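> starting from these lines, generate the structure:
(2 chains, ligands or ions: 1)
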Amino acid sequence: MKIVTANRLEDGAVVYLGDDDRWTESLADAAQFDDQDAENVLAAAESRVEEIAGAYLAPVDEDGAVSARERLRETIRSAGPTVRLDLGRQSECCA
Amino acid sequence: MYRYDEFDATMVAERATQFRGQVARRLSGELSEDEFKPLRLMNGLYLQLHAYMLRVAIPYGTFTSRQMRMLAHVARKYDKGYGHFTTRQNIQYNWPALVDVPDILDDLASVEMHAIQTSGNCIRNVTSDQYAGAAADEVEDPRPYAEMIRQWSTFHPEFSFLPRKFKIAVTASDNDRAATRVHDIGLRLYKNDAGETGFEVIVGGGLGRTPYIGHTIREFLPKEHLLSYLEAILRVYNTQGRRDNLYKARIKILVNTEGAERFGELVEAEWEAIKGGEIDLPAEEMARIDAYFAPPPFEALSVDSAALDQSRQDNDEFAQWLRVNTVPHKIPGYAIVNISLKPIGGIPGDISDEQMEAVADIAERYSFDEIRATHEQNLTLAHVKKDDLFAVWQALKAADLATANASLASDIIACPGLDYCNLANTRSIPIAQRISERMGDLEKQEDLGELKIKISGCINACGHHHVGHIGILGVDKKGEEFYQITLGGSAAEDASLGEIVGRGLSSGDVVDAVETLVGFYRDNRQDKERFLDTYRRLGAEPFKEALYAAA
Ligand code: SF4
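Residues are numbered from 1 along each chain as shown, chains lettered A, B, ... in the order given. Have a look, this model is predicted:
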């Protein structure tokens, strides 16, 4: 399975394509696509040029977690730098 | 120091206005990302992991308190309260929003700053010795030449679309603090036997995927011919450099496939054809630029300072900082001060807006308003009176900027790595932080002496790992971070590329390995040998054995 991720155009924030075709900031809300559909979904997402930049597909396993090879990178993109826990989305939440 | 003239100021303002229009067209969707990307890169704007990244130029690393205050303002108003000094004497911001960048560029332009030549396949922001104009060991201030190169290269129509990026460094000292031998072109100003000053011209050095130490293609170039000679080199490269393969497009590949001698002949032939022309600056123009770098109004002081001697005796911590972080100045009664941006366990090169303000205040009060950024991601105050050193130290200490580790084991160069960088394989900063903590107290580090540890998060080598006494390169193994160690590199006048020792190590093991290697050095050094000297004397084998015996 794949998810679509990109950077929001106006501020560069990391976003994911959600179920309703809207961009969400939450990795947990990213919609999952079968590998064969994913390329088409990506192409459609990329055409939304005034919303995002740098869209690509990231692989996820059955539970929606990003797969091994990409995991650290995607965790850092989603949460923030591991060396500045006061920055990025990891700093926003309340836990 | 150099003040932008009207021509420069207009050019910078026009560029900012032009980019504002381009950003507006991108935001409206009129420009696609593919169309916009080269335009934003011409203005120092990258798209990284979490956000955009804006790299601001500090030509040859020299800037004023006023400019530093503007950098602090940008960090506060548009970013997250900090900036990061890079290995090219620039500063970068990790979180700017695209919509704010036009305003940032306007604010920077108001103090003659910009992001031109900080990315793209052009001649990049020229770098130099951070001690320029102050070093006891220089033949002249190298910055007028760096400034000539800046003026010549900015928007040079012929060289705005080179096969690849192009980096030039200038030094005027035998102790190379500008890493000239690992640049596309390195220039060393020196005095020959006849008493004339001119440049040794070194070409084709570089790091990255295929590292090379540069070759000297001309032993002595009379200094008045600098620009025509550079033009000749760039012309040969621009026509013969490979544009078909990204990895073979740097001048180092051309120089090393042609052979340095043949490459030098091509340059000389080209130079013959252009050297009488209009490229070299007339003497009046050189003098005009020189005048901008006239020494500040130094006072006539005696070499020694009684006040300094007293504070040194009274305060051990100050005495240690004095030994490690200050350097002799060419003018009696003055010293050069290194400000470490490497607190123990901190992020190399990062500085908060408040610290920027503090440095600006200190420089204004004690160092003729002038600040230098170093390629080792630190700052320098070039001209401090010895009488003022204690006050400067106290002010730095109050701002958490008085770590006494210049050139010691915890003065680590580290690239941003996977915490910020889109191209990274692995993180770099956490490795630097853990090594810094492991290296122990500063007295032990002082006893170890000069030790250059350099870390890159991928083969692009922004952290200069090839030329670290101990280099660390992050490699990805099926999603796990691994680190490969190289030993024996140097970016100084004794430049060399490190040798890989053994297999990749996990992030935990690599910190242990560095400790083992340092311990082996300490047990085996002779006299005043540095780590690098012991390594060169003994060779790689015993170090490898020590590493594997411990593993
Ligand atoms: S060396 Fe690699 S990871 Fe580090 S900053 Fe350069 S490109 Fe990024």
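
> quick one, strands of the stretch 151-300 of chain B?
For the stretch 151-300 of chain B, the strands defined by DSSP state E, counting those that start in this stretch occupy B:168-171, B:185-191, B:197-203, B:215-222.

> return the most buried member of those.
Ranked by mean neighbour count, the strands of the stretch 151-300 of chain B are led by strand B:168-171 with a mean of 29 (mean count of other Cβ atoms under 10 Å in any protein chain shown). Any C-beta I mention is one placed from the backbone N, CA and C, and that applies to glycine too.

> that one: how far from the chain's middle?
Centre-to-centre, strand B:168-171 and its host chain are 10 Å apart (Cα atoms, centre = their mean, to the nearest Å).

> could you list the low-pLDDT ranges of the stretch 201-350 of chain B?
By pLDDT under 70, the stretch 201-350 of chain B has no low-scoring segment.

> can you pull the phi/psi pair for the residue in chain A that the ligand sits nearest to?
Across chain A, the shortest distance to the ligand (Cβ to the nearest ligand atom) belongs to A:Arg73, at 11.2 Å. With angles defined as degrees, to the nearest 10, A:Arg73 sits at phi -60, psi -50.

> quick one: contacts for it?
B:Leu49, B:Leu418, B:Ala424 (Cβ atoms under 8 Å, 6 or more residues apart in numbering or on different chains).

> secondary structure class for the nearest residue to the first one once chain neighbours are set aside?
If I follow you right, that is B:Leu49. Distances taken as Cβ to Cβ, 6 or more residues apart in numbering or on different chains put A:Arg77 closest to B:Leu49, at 5.0 Å, once the chain neighbours are dropped. Using DSSP: H, G, I helix; E, B strand; the rest coil as the criterion, the local structure at A:Arg77 reads helix.

> what pLDDT does A:Arg77 get?
The model reports A:Arg77 with a pLDDT of 96.

> now do the contacts for it.
So A:Arg77 contacts A:Thr5, A:Val14, B:Leu49, B:His50 (Cβ under 8 Å, 6+ apart).

> what of B:Cys415?
B:Cys415 sits next to B:Thr87, B:Cys421, B:Ala424, B:Ser428, B:Ile455, B:Ser456, B:Gly457, B:Cys462, B:Gly463 when contact means Cβ under 8 Å, 6+ apart.

> any stretches of chain B with poor pLDDT?
B:1-2, B:550-551.

> enumerate the residues of it near chain A.
Applying Cβ under 8 Å from any Cβ of the partner chain, one finds that chain B approaches chain A through B:26-29, B:32-33, B:47-52, B:80, B:95-99, B:347, B:418-420, B:424, B:427, B:429-430, B:433, B:476, B:478-479, B:481.

> hang on, the earlier thing: now render the contacts of A:Arg77 as TSV, adding neighbour count.
Formatted as TSV, the contacts of A:Arg77 follow (neighbours: other Cβ atoms under 10 Å in any protein chain shown):
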residue	neighbour count
A:Thr5	25
A:Val14	23
B:Leu49	25
B:His50	23
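
> now these in a markdown table, with secondary structure and distance to A:Gln90?
What follows is the contacts of A:Arg77, written out as a markdown table (DSSP: H, G, I helix; E, B strand; the rest coil; distance: Cβ to Cβ, whole Å):
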| residue | secondary structure | distance to A:Gln90 |
| --- | --- | --- |
| A:Thr5 | strand | 17 |
| A:Val14 | strand | 12 |
| B:Leu49 | coil | 13 |
| B:His50 | coil | 11 |
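
> ok, those vs B:Glu450, which is closest?
B:Leu49 (33.9 Å; Cβ to Cβ).

> next one, pLDDT for the residue in chain A that chain B sits nearest to please.
For chain A and chain B, the shortest gap (Cβ to the nearest Cβ) falls at A:Glu50, measuring 3.1 Å. Looking at A:Glu50, its pLDDT is 94.

> for it, which residues are in contact?
A:Leu9, B:Leu27, B:Ser28, B:Gly29.

> how about the residues of chain A by the ligand?
Within chain A, not a single residue sits near the ligand (Cβ under 6 Å from any ligand atom).

> of all the strands of the stretch 151-300 of chain B, which one is nearest the ligand?
Closest approach to the ligand among those (Cβ to the nearest ligand atom): strand B:168-171, 18.0 Å.

> hmm, who's touching that closest one?
The contact list for strand B:168-171 (Cβ under 8 Å, 6+ apart) reads B:60, B:123-124, B:126-129, B:142-143, B:145-146, B:149, B:153, B:177-180, B:183-189, B:230.
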